[in-house]
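>>> For reference, the sequence and a predicted model appear below.
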Amino acid sequence: MSIINNALSGAMVAQAALNTASQNVANTMTPGYTRQGVLINSVHSGLVGAMSAGNGATVSSLLRFSDSYKSLQMWQAASNVGGLSTSQPYLTQLEQVMGDDTASINTGVDAFFAALNAASVEPASSPLRQQVLTAADALSQRFNSLNTVLSNQRASVFQQRSTVVSQINGLSTSIATLNQKIAATQASGVNPSGLIDERDLKIDTLADLVGLQVVDQADGSRSVSLRNGQPLVVGAVASTMSVQSNPDGSQTLKVDFANESFTVLSKNLGGQLGGLDDHESKVLVPLMTSIKDMADAIATKVNTQLAAGYAVDGTVGAALFVFDATSSSGMLKVNPALVPQDLGFSSDPALPGNSDNLLALIDLQKQPVTVSSLGNVLLGDVYTQLVAKLAMQSQQNQASLSTAETVRVQAESSWKSTSGVNEDEEAINLMQYQRMYQANMKVVAVANELFDSTLAML
C-alpha cells in the first residue's frame, strides 16, 4: 500500500503545483500581482528498517516570490517621481506667464522710462506728463497681474495639499484594515498573498503622495511612517494627517496618532506633498517676495526722487506710486489724487520747464535695488534675472524628473524580474507538473496491477 500512498501524495503535490501555476497564468496582467510557487518536501519514513524508502511527498507551504528591498526601491522611486511631477506644471505656468512680452514687467518698466525720456524734451507739456501717468498705470497693472497669478498659484498649492492629505488618510486607513486581515488570515493558516498584493499596491500609491519608511512585522503586518519618523500606520491602527493654517498665511502639517499630535517637518517630505512644499518654499514664495521687493523699490525710488523736485506750480513734487504689500490685486497703484502738473520734474520751483530732476528720475533705471533672492541688482535687470532663475529651476526639475522616471521604470523591471509572472516559465512549469501528475497516476496503475496479480495468486 506504500506504493499507492506515495503515488497519491505525489499526484496531490502535482495538483497543488498546477493550481499555483494556473493562478500565476491567470494573473499575468494583474497590476501588483506577486507570483507564487510550491515548496515540496519529502515525507520521511516512520518505519524502522533499511528497506523503508519514505512516505511520499507533501507541499509544506506556498511560496510568494517577493523581495522587500526591491519593493522599497520601487516605492522610493515613486516618491521621487511624485514630487518632481507635481511641481513641474506650476513651473511651466510661471515660465509662460513671466516670459510673455504682453505681461512682462520688463516691457512695462521700459515703457515707463521711455515715457520719462519723451517728457524730457518738453518737461512742462501736459500731454507728455499724462503719457508718463499712463505708462505708470500700465506698469502697475503688470505688477498686480503677476502678483495675482502668484497668489492664485499659492492658493492652488494649498488646495492640492489638502486633497493629497485626504488621500493619504484614506490610504492609511485601508492599509491598516489590510494589516488586520493579513495578520488574522496568516494566523489561521490561510494563504494571505492576495491581501498582501492589495496592501503593497496601496503602499505604492501612498508612496507617490509622500515619502515613506516601511517596516515588516512578525505577524505579517507592515508599519508605515513618514521619512521624518511620524507614524501613518502601525498594525491595524492608522493616523490622521491634517493641514493647519498659520497667521502668516502659510500651512503646517500635523499627524494625530494614539492621542499624540506630531508636527510634520517640511524637510525631506518626498512625494507630491514634498513637491508642493518645495515649490512653495523654494520657488513661489521667494518669487512673490522678489516681485514685491521690485515694486517697493520702484515706488520708493520714484516717489523719493519726485519729492526732490518741483511741480509746474512750484510746489514740491507729489508721490506717483502707492505701494501696498498686503494686497494681492492692488499691490502697486498710481496715486489717484495725482494730476500731470503735480509731477516734480524741475529742480527749480521758479522754472517749470527745467528737467534736471526728470533726468535724475530717468537715471533710476541704471541704479541698483535690493531684491531678497538676488541681492543688489540694477533696476532694469531685476526681472530678467528672475525669469532666468525660474527657467533654470524649471529646466533642472525637468532633468531630474526624466532621471526619476527612468529610475522608476528600472525599479519596476527589477521588481518584475523577481515577483512578476513569466509566461514562458509558467508554461514549462505546467508541462513539468502535468508529467509529474501523469507519472504518479501511472504508479497507481502499476500498484493496482501488482495487487490484482497477488490476489490472483492467492
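Sure, I can see it.
>>> Can I get stretch 176-186 in CSV? Just the C-alpha atoms.
This file holds the C-alpha atoms of stretch 176-186, laid out as CSV (Å, rounded to 0.1, in the frame of the first residue of the first chain):
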residue,chain,number,x,y,z
ALA,A,176,-4.4,49.4,8.5
THR,A,177,-7.5,47.4,7.6
LEU,A,178,-5.5,45.1,5.3
ASN,A,179,-2.9,44.6,8.0
GLN,A,180,-5.6,43.4,10.4
LYS,A,181,-6.9,41.0,7.7
ILE,A,182,-3.4,39.7,6.8
ALA,A,183,-2.5,39.0,10.4
ALA,A,184,-5.8,37.1,11.0
THR,A,185,-5.5,35.2,7.8
GLN,A,186,-1.9,34.2,8.4
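>>> how about it: buried residues?
Using 16 or more other Cβ atoms under 10 Å as the test for burial, stretch 176-186 gives A176, T177, L178, N179, Q180, K181, I182, A183, T185, Q186. Every C-beta, even on glycine, is put in place using the N, C-alpha and C of the backbone.
>>> show me the contacts for the second one.
If I follow you right, that is T177. A236 (Cβ atoms under 8 Å, 6 or more residues apart in numbering).
>>> ok so, going back, pick out the most distant pair among the buried residues of stretch 176-186.
Farthest-apart pair in the buried residues of stretch 176-186 is A176 and Q186; separation 15.9 Å (Cβ to Cβ).
>>> for the buried residues of stretch 176-186, which one is nearest A360?
A176 (69.5 Å).
>>> Just give the nearest non-adjacent residue to that closest one, would you?
Excluding the flanking residues, the one nearest A176 by Cβ to Cβ, 6 or more residues apart in numbering is A238, at 3.9 Å.
>>> who's in contact with that neighbour?
A238 sits next to N169, S172, T173, I175, A176, L232 when contact means Cβ under 8 Å, 6+ apart.
>>> List the ones among those residues that fall in helices.
Counted as lying in helices by DSSP state H, out of the contacts of A238, are N169, S172, T173, I175, A176.
>>> I figured M288 was touching L150, is that so?
Yes - look at M288 against L150 with Cβ atoms under 8 Å: they come within range, at 4.7 Å.
>>> quick one, domains of this structure?
Per automatic domain parsing, the domain ranges recorded for the chain read 2-65+422-457, 70-89+162-267, 93-150+280-394.
>>> List the buried residues for the strand or helix carrying V214?
Assigned by DSSP states H and E, V214 belongs to strand 212-216. The neighbour-count check on strand 212-216 (16+ other Cβ under 10 Å) flags L212, Q213, V214 as buried.
>>> Can I get that strand in CSV? Just the C-alpha atoms.
The C-alpha atoms that make up strand 212-216 are tabulated as CSV, following Å, rounded to 0.1, in the frame of the first residue of the first chain:
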residue,chain,number,x,y,z
LEU,A,212,7.7,56.5,3.3
GLN,A,213,9.5,54.2,5.6
VAL,A,214,8.1,50.7,5.7
VAL,A,215,8.9,48.0,8.3
ASP,A,216,7.7,44.4,8.2
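>>> coming back round to it: out of the contacts of A238, flag the one nearest to G317.
Nearest to G317 among the contacts of A238, with distances taken as Cβ to Cβ, is N169, at 59.1 Å.
>>> Quick one: neighbours of that closest one, just the number.
For N169, the number of neighbouring residues by other Cβ atoms under 10 Å comes to 17.
>>> Begin at 4 from now on, thanks
Okay, using 4 as the starting number, the last item reads as N172.
>>> re the thing from before, any chance of the buried residues of stretch 179-189 in a markdown table, plus secondary structure, distance to S90 and pLDDT?
Formatted as a markdown table, the buried residues of stretch 179-189 follow (DSSP: H, G, I helix; E, B strand; the rest coil; distance: Cβ to Cβ, whole Å; pLDDT from 0 to 100):
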| residue | secondary structure | distance to S90 | pLDDT |
| --- | --- | --- | --- |
| A179 | helix | 30 | 96 |
| T180 | helix | 32 | 97 |
| L181 | helix | 31 | 97 |
| N182 | helix | 32 | 96 |
| Q183 | helix | 36 | 96 |
| K184 | helix | 36 | 96 |
| I185 | helix | 35 | 95 |
| A186 | helix | 38 | 94 |
| T188 | helix | 40 | 92 |
| Q189 | helix | 40 | 89 |
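>>> Right, I'll leave it there.
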